[in-house]
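Undergrad: pasting the sequence and the predicted coordinates here, then a few questions.
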Amino acid sequence: MMDPALGRRAASLLTLLLLLDGHMLSPPSPPSPMSGLLGLVSEYLDQHQDELVQTLRDWVAVESDSVQPVARLRQELARMMELAAEHLRGLGARVELVDTGSQQLPDGQHLSIPPIILAELGTDPKKPTVCFYGHLDVQPARREDGWFSDPYMLTEVDGKLYGRGATDNKGPVLAWINAVGAFGALGQDLPINVKFVLEGMEEAGSVALEEVVQRERLGFFASVDYIVISDNLWLSRTKPALTYGSRGNSYFTVEVKCRDQDFHSGTFGGILHEPMADLVALLGSLQDSSGRILVPGIYEHVAPLTEKEKQMYEAVELDLEEYRNSSRVRRFLFDTKEDLLMHLWRLPALSIHGVEGAFNEPGTKTVIPGCVTGKFSIRLVPDMDASVVEKQVRQHLESVFSQRNSSNQLAVSMVLGLPPWIADVQDGQYLAARRAICTVFGMEPDMIRDGSTIPIARIFQDLLKKSVMMLPLGAADDGEHSQNEKINRWNYIEGSKLFAAFFLELAKLHS
């Protein structure tokens, strides 16, 4: 455990660095005051921003951790969902808290699943209907993990609002609500119909959400025209972005087994096919030193790069040296912005995650593991299919294993297969969002993809056949899932204005 005095000194130093960083990276101002109804909404949000920050503070204070299977935290999650539901009712929304029952954990205990919020405000058939998805659960956080303040007490340092869930995802959810509320506070009709889908189990795999979406496909979702997700970040710390794709994920385990018990290396070393040696050879056969995946056929179904797509990568603003420095990486595998972005977003990537069964404690224990399991994943991109990738990986590993002539047993399993997601950037809501960003921020957004996997986007797209868009609010340095997660006050308030501008722009498309 860290010495308390040392921890206080580290926290003080970090606070000073954050203060200095804030002065050096102050956000840009909008180019000119907004006019008309948007100007009134913008002025209202500016005048009430302290109240809006206080609401975020109240929400962050709820320890809505869905990852740790603890009854007390499930009660906190239920409290968080009720707090959000009450807030929506205060806007005049019709709110339903959908009971999702309970789940049985591997140890046999049953834990309640927090309800899913389905809410709607406005049913005018002449207006477009936009459904906003967000989640109110968070990753675990403790002060002793390296936070400079209590993670569940929103702390402002030079315009940066630190707290677990501030950017992932309570801040963006509230920004949408703030935009809706501003129209009502000013006595103005919403230019669109709004629906909300808010869940409390996203960080734990969105338990029960797909079932609810499927069940409500012809009910709650029948009138929805567009779906907006704000659960990711900009590529930059100061430049807005629109996200139009994310990679899928196929997760594998490869087990090599000799027997259930470990061996003493002095007694058995030199006379066995050691499982660890087999596993190291198998994992080492998956990719070369440049990161290229060596599984035969893996690139055959990757969507070809078009000239139009190539131009989109060229247009993205990214200072490669700054990105490398901020990542604290000595050298990337690629030397150009375009190569780096394409390998991060539109090309598959293989990552080795760990080994079970190996001796991994300090010391010099001379054990030969009797059974070891390696874990790795392949990020999928359009037009890859998880079932095809599974077959290719299995055939490759079995071929490599057979060449070793090992007497051990091999078992390969794909335990997760999530498809990639891609959107049409010429869709109406993308055009409306681009215009809204230009109005509020005074610049064209970066058009980006996300290298990670966001299953809900594909679920909505496949089940509902609706247009899905990701409209992020958080800056690249917000630290979602990390210590000292934050959202900038500027992003939070200007993001609320952005949503209001998006409502108006989308209404214009349907007028």
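TA: Nice, I can see it. Because the structure is predicted, anything quoted here is derived from the model rather than measured. Numbers count the residues shown, from 1 in each chain.
Undergrad: neighbours of residue 486, just the number please.
TA: By other Cβ atoms under 10 Å, 27 other residues sit near residue 486. In short, each C-beta sits where N, CA and C put it, glycine included.
Undergrad: and it, how far is that from residue 149?
TA: 10 Å (Cβ to Cβ, to the nearest Å).
Undergrad: between the two, which contacts overlap?
TA: Common neighbours of residue 486 and residue 149, counting by Cβ atoms under 8 Å, 6 or more residues apart in numbering, are residue 162.
Undergrad: now the helices for the stretch 251-400 of the chain?
TA: Remark: helices assigned in the stretch 251-400 of the chain by DSSP state H, counting those that start in this stretch are 265-268, 275-284, 307-315, 320-327, 337-345, 386-404.
Undergrad: mean pLDDT lowest where, among those helices?
TA: Among those, helix 320-327 has the lowest mean pLDDT, at a mean of 87.
Undergrad: where does residue 53 sit: helix, strand or coil?
TA: Following DSSP: H, G, I helix; E, B strand; the rest coil, residue 53 is assigned to helix.
Undergrad: any chance of a markdown table for the helices of the stretch 251-400 of the chain, columns mean neighbour count and distance to residue 121?
TA: Output for these, formatted as a markdown table (neighbours: other Cβ atoms under 10 Å; distance: least, Cβ to Cβ, whole Å):
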| stretch | mean neighbour count | distance to residue 121 |
| --- | --- | --- |
| helix 265-268 | 12 | 67 |
| helix 275-284 | 19 | 52 |
| helix 307-315 | 12 | 35 |
| helix 320-327 | 12 | 40 |
| helix 337-345 | 18 | 35 |
| helix 386-404 | 16 | 38 |
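Undergrad: and of those, who's closest to residue 257?
TA: With respect to residue 257, and counting by Cβ to Cβ, the nearest of the helices of the stretch 251-400 of the chain is helix 275-284 at 6.3 Å.
Undergrad: now do the closest one: which elements does it pack against?
TA: Applying 3 or more Cβ pairs under 8 Å, 6 or more residues apart in numbering; DSSP states H and E, we find helix 275-284 packed against strand 248-257, strand 349-356, strand 371-380, helix 386-404.
Undergrad: make a markdown table from those and add distance to residue 145 to it.
TA: A markdown table is the format used below for the helices and strands packed on helix 275-284 (distance: least, Cβ to Cβ, whole Å):
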| stretch | distance to residue 145 |
| --- | --- |
| strand 248-257 | 25 |
| strand 349-356 | 20 |
| strand 371-380 | 23 |
| helix 386-404 | 34 |
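Undergrad: what about residue 46, distance to residue 157?
TA: In terms of Cβ to Cβ, residue 46 sits 21 Å off from residue 157.
Undergrad: brain fart, residue 482
TA: Distance from residue 482 to residue 157, by Cβ to Cβ: 16 Å.
Undergrad: next one: residue 126
TA: 46 Å.
Undergrad: with neighbour numbers in mind, choose between the two.
TA: Between residue 126 and residue 157, residue 157 has the larger neighbour count (other Cβ under 10 Å), namely 18 against 8.
Undergrad: now do that one, the pLDDT please.
TA: Predicted confidence (pLDDT) for residue 157: 97.
Undergrad: wait, isn't residue 367 in contact with residue 262?
TA: Yes: with contacts counted by Cβ atoms under 8 Å, residue 367 reaches residue 262, the gap being 4.9 Å.
Undergrad: so for these two, which sits in the more crowded spot?
TA: The neighbour count for residue 367 versus residue 262, taken as other Cβ under 10 Å, is higher for residue 262 (17 against 12).
Undergrad: got the phi and psi for the more buried one?
TA: phi -80, psi 170 (degrees, to the nearest 10).
Undergrad: so residue 415 is in which element?
TA: According to DSSP states H and E, residue 415 maps onto strand 409-418.
Undergrad: which parts of that strand are buried?
TA: Residues 410, 412, 414, 416, 417, 418 are the ones in strand 409-418 that count as buried (16 or more other Cβ atoms under 10 Å).
Undergrad: same question for stretch 145-155.
TA: Quick answer for stretch 145-155 (16+ other Cβ under 10 Å): 146, 147, 148, 149, 150, 151, 152, 154, 155.
Undergrad: distance-wise, check the second one relative to residue 486.
TA: For residue 147, the distance to residue 486 (Cβ to Cβ) stands at 11 Å.
Undergrad: what sits in contact with each of these two?
TA: residue 162.
Undergrad: so the closest residue to residue 91 other than its chain neighbours, which of the three states?
TA: In this structure, residue 91 finds its nearest non-sequential neighbour in residue 181, 5.4 Å apart by Cβ to Cβ, 6 or more residues apart in numbering. Following three-state DSSP, residue 181 is assigned to helix.
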